[in-house]
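Trainee: Structure for the following, please:
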Amino acid sequence: MPHSQIVVPDNDRPLHEALAALQTEFELPAGFSPEVSAELERSIAEHRLPDSDLTGLPFITIDPPASMDLDQAMHLVREGQGYRVYYAIADVPGFVPPGGALDAETRKRGQTIYAPDRITPLHPKQLSEDAASLLAGKTRSAFVWQLALDSAGNTVGATVARAQVASVAKLGYAQAQDELDAGTQSEYLPTLELLKEIGLKRIELERRRGGASLNSPQQEVVHEAGAYQLVFRPNLPIEDWNAQISLATGMAAAQIMLEGKIGILRTMPAPDPAAVDRFRRQAAALGKPWPRDLAYGEFLRSLDPAEPRQLALLHAATALFRGAGYTPFDGEVPEQTSQAAVAAPYAHTTAPLRRLVDRFVLTICAALSNGAEVPDWARAALPDLPKLMAASDQLAGRVDRAALDTVEAAVLSSRIGEEFDAVVLAGARKTDNKAEPGKGAPRPSTQFSTVQLTEPAVSAPCEGDLEPGSTLRVRLLTADIATRTVRFTVAAD
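Mentor: So this is what the prediction gives:
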């Protein structure tokens, strides 16, 4: 799928007004209170680096180029026949006084909310983009995970403790991929080379245990150089390898907490049998049957997002990944411990600058890993975290969808009546038009399928009950920025 380069200039007033309105519509906070700011100033001034010093190791960060809230830094080494992963995570607990003003505010927010024109951060920028961020050339306090891996990439030991670290390079995904592919000599090239080696082995382990990763292209809104772009961006290989390090750390955190019988897991049930059967029928209809003896994760990995029918299948596969939530426990291991897509127990622990729950997981794991008592403030928060995170997940999803709908409408607003090449991602759903009291019979319900344009990178409803995976020409009926509405109809032959 080629990248779209549809640009909406900064002087596009209707778009900017519509995006700004999201802040009010979704009641996103504009800043932090003076009380929070004053407390954070004191925390930063009083913060002390831990005694353990790992600044001699050349850690690196790999993130989107514009990111400044850097949660993770890594250093990888070969150890005997296996490997040692040093994975540093920002020391957010060291800056947030339990029960204080910032603690209370982050519980309200739950996570950082991203929109094309602004970020609503979980923490003030002086923390998330400075004092706690693992910026290159800065000595920082971090929770450093050490994962011992065997020659196949299996985790055979894991610890986590606070230590001083210093990142030597802030790399973007494309830069890191290019430097690795070119073999560019640097003090961190060995880490990039081992990231590929370990990442590939961890992907194979995921395959064997029945885990699944959806690698469909991501539709994204990018705001760079004074313009909005709507793009489809397939994952680079290094992104998948990088994700495997985070997954391995989350699995290690889950294991530590399960052994300690206290913590909070990210759980998801196995796919619903009815959803699986429906997906099998759809796969057969699209010419890519799912063999009965093949795990669903393996089948998803076999799909090619560049092929329209298989892209439609990847889109449909999201129905298999439902019911994710957070499961706290204290004193007794819960009945449900697995995250079905990971195919193992798993916990969120690697993004504390951007996600509330990670701060508590880090604190609990560090205590258990070092034979200390879990702090009372972390234990007391466990029952409340699932509800707080569920609310913030829902809000983040609604804002993301609304922002994407807004920009899609903007890039198409001047093209009403034009025709486009498209592929059908999903079949029809009905919109029921009920009669209003005293207004007589309801209008007939309208059927809409979901289509994906080849160019620009827009997915939207199209009138009719259409066959998923089929290619066709569609005509644009509506593209309204204010209502975030885009509608197509099948073009006449």
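Trainee: right, and residue 241 touches residue 200 too?
Mentor: Yes: using C-beta atoms under 8 Å, residue 241 makes contact with residue 200 at a distance of 7.0 Å. (Each C-beta comes from the backbone N, C-alpha and C, glycine too.)
Trainee: So which of these two has more stuff around it?
Mentor: Counted by other C-beta atoms under 10 Å, residue 241 and residue 200 do not tie: residue 241 has more neighbours, with 24 against 15.
Trainee: Find the nearest non-adjacent residue to the more buried one, please.
Mentor: residue 199 (2.5 Å; C-beta to C-beta, 6 or more residues apart in numbering).
Trainee: hang on, the one you found in a helix?
Mentor: Yes: counting by DSSP: H, G, I helix; E, B strand; the rest coil, one finds residue 199 located in a helix.
Trainee: how far does stretch 479-493 sit from the chain's center?
Mentor: Distance, stretch centre to chain centre, for stretch 479-493: 29 Å (C-alpha atoms, centre = their mean, to the nearest Å).
Trainee: Just the residues contacting it, thanks.
Mentor: Under the contact criterion C-beta atoms under 8 Å, 6 or more residues apart in numbering, stretch 479-493 has outside partners 14-15, 18, 402, 405-406, 408-410, 412-413, 415-416, 419-420, 422, 448, 451, 458, 460-464, 466, 472-478.
Trainee: Also stretch 453-467?
Mentor: Here stretch 453-467 has contacts from 1-4, 6, 219, 230-232, 285, 408, 411-412, 420-425, 427-428, 446-452, 472, 474, 477, 486-490, using C-beta under 8 Å, 6+ apart.
Trainee: rerun that using 7 Å as the cut-off
Mentor: With contact meaning C-beta atoms under 7 Å, 6 or more residues apart in numbering, stretch 453-467 is reached by 2, 4, 6, 219, 230-232, 408, 411-412, 420-422, 424-425, 427-428, 446-452, 474, 486-490.
Trainee: likewise stretch 397-412?
Mentor: Against stretch 397-412 from outside (C-beta under 7 Å, 6+ apart): 6, 8, 12, 15, 18-19, 22, 26, 113, 115-116, 219, 221, 228, 230, 456, 458, 460, 476, 479-481, 484-486.
Trainee: Chain neighbours aside, what residue packs nearest to residue 53?
Mentor: Using C-beta to C-beta, 6+ apart, the closest residue to residue 53 is residue 164 (4.8 Å).
Trainee: What residues are recorded as beta-bridge partners of residue 422?
Mentor: In this structure, residue 422 bridges to residue 453, residue 472 when assessed by DSSP bridges.
Trainee: got a list of what it touches?
Mentor: Here residue 422 is in contact with 451, 452, 453, 454, 472, 474 (C-beta under 7 Å, 6+ apart).
Trainee: list the buried ones in stretch 384-404?
Mentor: Buried residues in stretch 384-404, counted by 16 or more other C-beta atoms under 10 Å: 385-386, 388-389, 392-393, 395-396, 399-400, 402-404.
Trainee: biggest separation within those residues, which pair?
Mentor: 385 and 404 (28.0 Å; C-beta to C-beta).
Trainee: For the stretch 151-300 of the chain, which segments are assigned as strands?
Mentor: Assigned by DSSP state E, counting those that start in this stretch, the strands in the stretch 151-300 of the chain fall at 155-171, 218-224, 227-233, 262-267.
Trainee: Can you list the strands that the shortest one pairs with?
Mentor: Right, strand 262-267. Here strand 262-267 is paired, per DSSP bridges, with strand 325-330 (antiparallel).
Trainee: Run the chain-centre distance for stretch 239-255.
Mentor: 13 Å.
Trainee: quick one: contacts of that stretch?
Mentor: 62, 72, 74, 85, 87, 145, 147, 155, 158, 173, 195-196, 199, 202-203, 265, 342, 344-350, 361, 365.
Trainee: Give me the buried positions along that stretch.
Mentor: Within stretch 239-255, the residues scored as buried using 16+ other C-beta under 10 Å are 239, 241-242, 244-255.
Trainee: count of neighbours near residue 142?
Mentor: Using other C-beta under 10 Å: residue 142 sits among 31 other residues.
Trainee: cool, and residue 335?
Mentor: Residue 335, neighbours per other C-beta under 10 Å, totals 7.
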